[in-house]
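next input, structure requested:
(one chain, ligands or ions: 2)
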Amino acid sequence: MKNVFHQLKIIEKSFLTDDAVLLTFDVPTDLGTYFNFLPGQYIILRSEINNEEIRRSYSICTSPEENKLSVVVKAIEGGLFSNFIKDEIEIGHYLDVSSPEGNFFYSTSEKITKNIFLIAAGSGITPIISMAKGILHNEPLTTITLLFANRSIEDTIFYEHLASLQTESKDRLKIIYIFSRKTYGNHYFGKVDDVFFNDIIHQEIDLKQIYSFYICGPEEMVKNIQNYLYTIEIAKDKIKTELFYSLENEVGIEQIVSEEIKSGRIEVEVIVNQESYFATIDHTKNLLESLLDEGLDIPYSCKKGNCSSCVGKVMSGTISMKETDVLMDYEIEEGFILSCQSVPTSEKLIISYDEY
Ligand SMILES: Cc1cc2nc3c(=O)[nH]c(=O)nc-3n(C[C@H](O)[C@H](O)[C@H](O)COP(=O)(O)OP(=O)(O)OC[C@H]3O[C@@H](n4cnc5c(N)ncnc54)[C@H](O)[C@@H]3O)c2cc1C
Ligand code: FES
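Ligands and ions are numbered 1, 2, ... in the order given. Okay, here's the model as predicted:
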């Protein structure tokens, strides 16, 4: 069951950089299984701010073996929820926390010798460090290369923590730093793009021997690396990506679909938590907004096509969906959609939120 929230107490709050706050939650023993997660998954935090319910996703930065549920929230300029966490939330407060979800995760696989390439920028380190800790703990034959991009060492989340992980790992974790604002003699300077990959990374590492790639950072960096890896013929299924935020997704599907599709009313049957609900909605809004307006308890978080909380499956009828990297091609073929990125295009629609 997705998007069921529990109130958890904050038992740790500390600043990892000037604007990045680590929060640890107390998970009562009876809720333990409910908060089980795979390295790389995220939780949704929910709170009322200025009389409005706000939800945001945050990747878990601990690994399952630590028995600790922690996230890092990096306050962004003008950001509603991230600054609320940074300025208002203290140890002893409670927050509504969802069960972990998301398909950007590392699952421990066969015990074979392999090298995993983890790539992160800024706060994108959160799911990546969880994966690194999980791999180091569970896969003694696996080595990790971590490429981590930041503005400076002072801006680098987990800088000391990564240094100790590297020491403990006895050469199984290699970290390559690149900084964009300050130069350091022993680290690269500049930005991570296809040129950096071609001129530096490809010379240092045989990318074709990498077992799989996990990339989390700003859209431009993620897309650049992804495209570079495609040009050197790395198979698509070896590359997993996560975007915290996409500029492209600031334009909603409503602005994209044609006026023709936007007219008319549709009858929709919604299956959620094994119950069926019926509603009549129109085509002017995305499916998620329409169903929330009808009072239905549809799972969601970002509302912008960045997470995967609002995934539903079209059981009957048709929709038009904005292009997305969050769902795999085969999932889209099977009928899975992001509700916040879709508008209905048929007169009748049946959608289930119990299939994903
Ligand atoms: C799967 C997933 C996992 C995530 N994990 C983390 C995490 O571990 N740590 C973390 O700090 N954040 C994470 N995020 C991002 C987080 O959910 C919020 O989007 C972020 O904290 C900003 O929320 P806000 O309310 O402060 O900003 P908002 O009030 O929503 O946005 C303010 C303005 O900033 C811009 N903006 C929004 N988000 C970003 C962004 N991330 N970067 C740059 N500009 C932005 C928007 O254009 C907007 O106009 C994750 C997002 C997803 C989808
Ligand atoms: S609510 Fe995040 S993708 Fe739709």
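
am I right that I351 is in contact with I266?
No - the pair I351 and I266 does not pass the contact test of CB atoms under 8 Å, sitting 11.0 Å apart. All C-beta spots, glycine's among them, are computed from the backbone N, C-alpha and C.

what do those two both touch?
The overlap between the contact sets of I351 and I266 (CB atoms under 8 Å, 6 or more residues apart in numbering) consists of G317.

the more surrounded of the two?
I351 (25 against 19; other CB atoms under 10 Å).

show me which residues of the stretch 251-356 of the chain sit near ligand 1.
302, 306-307 (CB under 6 Å from any ligand atom).

most neighbours, which of these?
Neighbour-wise, these (other CB under 10 Å) top out at C307, 27 neighbours.

now that residue: how far from E90?
For C307, the distance to E90 (CB to CB, to the nearest Å) stands at 26 Å.

and if you look at Y353?
As judged by CB to CB, Y353 and E90 stand 35 Å apart.

need the residues of the stretch 251-356 of the chain near ligand 2, please.
Counting by CB under 6 Å from any ligand atom, the residues of the stretch 251-356 of the chain that sit close to ligand 2 are 300-303, 305-310, 338, 340.

by neighbours, which of those residues wins?
For these, counting by other CB under 10 Å, the largest number of neighbours falls to L338: 30 neighbours.

what is the spatially most central residue of the chain paired to in the beta sheet?
By CA atoms, centre = their mean, the mean C-alpha position of the chain lies nearest to E242, the distance being 5.0 Å. When assigned by DSSP bridges, E242 has beta-bridge partners C216.

need the contact list for it.
With CB under 8 Å, 6+ apart, E242 has these contacts: 40, 59, 102, 104, 124, 127, 214-216, 222.

ditto for K303
Taking CB under 8 Å, 6+ apart as the definition of contact, the neighbours of K303 are 288-289, 310, 340.

could I get the full set of helices for the stretch 201-350 of the chain?
Assignment of helices within the stretch 201-350 of the chain using DSSP state H, counting those that start in this stretch yields the ranges 202-204, 219-231, 259-262, 287-293, 329-333.

tell me the domain boundaries of the chain?
Residue ranges of the domains in the chain are recorded as 5-98, 114-242, 253-352, according to automatic domain parsing.

closest to T108 out of those domains?
Set against T108 and scored by CB to CB, those come closest in domain 114-242, at 4.6 Å.

the closest one vs ligand 1: in contact?
Yes - applying CB under 6 Å from any ligand atom, one finds domain 114-242 in contact with ligand 1 at 123, 126, 242.

who are the contact partners of the residue nearest to S316 when sequence neighbours are not counted?
Sequence neighbours aside, I350 is the residue nearest to S316 in space, at 4.2 Å (criterion: CB to CB, 6 or more residues apart in numbering). Residues touching I350, when contacts are defined by CB under 8 Å, 6+ apart, comprise 268-269, 271, 314-317.

close to ligand 2: what parts of the protein are there?
With CB under 6 Å from any ligand atom as the criterion, the chain comes near ligand 2 at residues 300-303, 305-310, 338, 340.

among those, which two are most distant?
Taking CB to CB, the two most distant members of those are K303 and S308; they sit 12.5 Å apart.

can you pull the contacts of the residue nearest to V326 when sequence neighbours are not counted?
Take V326 and drop its neighbours on the chain: the residue closest to it by CB to CB, 6+ apart is S308, 5.1 Å away. Residues near S308 by CB under 8 Å, 6+ apart: 101-103, 326-327, 338, 356.

can you get me the start-to-end distance on stretch 296-309?
From its first residue to its last, stretch 296-309 covers 15 Å (CA to CA, to the nearest Å).

do the same with stretch 295-306
Across its full length, stretch 295-306 reaches 23 Å end to end, with CA to CA as the criterion.

hmm, back to that, phi first, then psi, for the residue nearest to V326.
Dihedral pair for S308: phi -130, psi 20, per degrees, to the nearest 10.

need the pLDDT of it.
In this prediction, S308 carries a pLDDT score of 92.

how much space separates it from D325?
Using CB to CB, S308 is found at 11 Å from D325.

same deal with C216?
If you measure C216 against D325 using CB to CB, the figure is 12 Å.

any shared contact partners between these two?
Common neighbours of C216 and D325, counting by CB under 8 Å, 6+ apart, are 241, 243.

who has more neighbours out of those two?
Relative neighbour count places C216 above the other of C216 and D325, with 26 against 16, counting by other CB under 10 Å.
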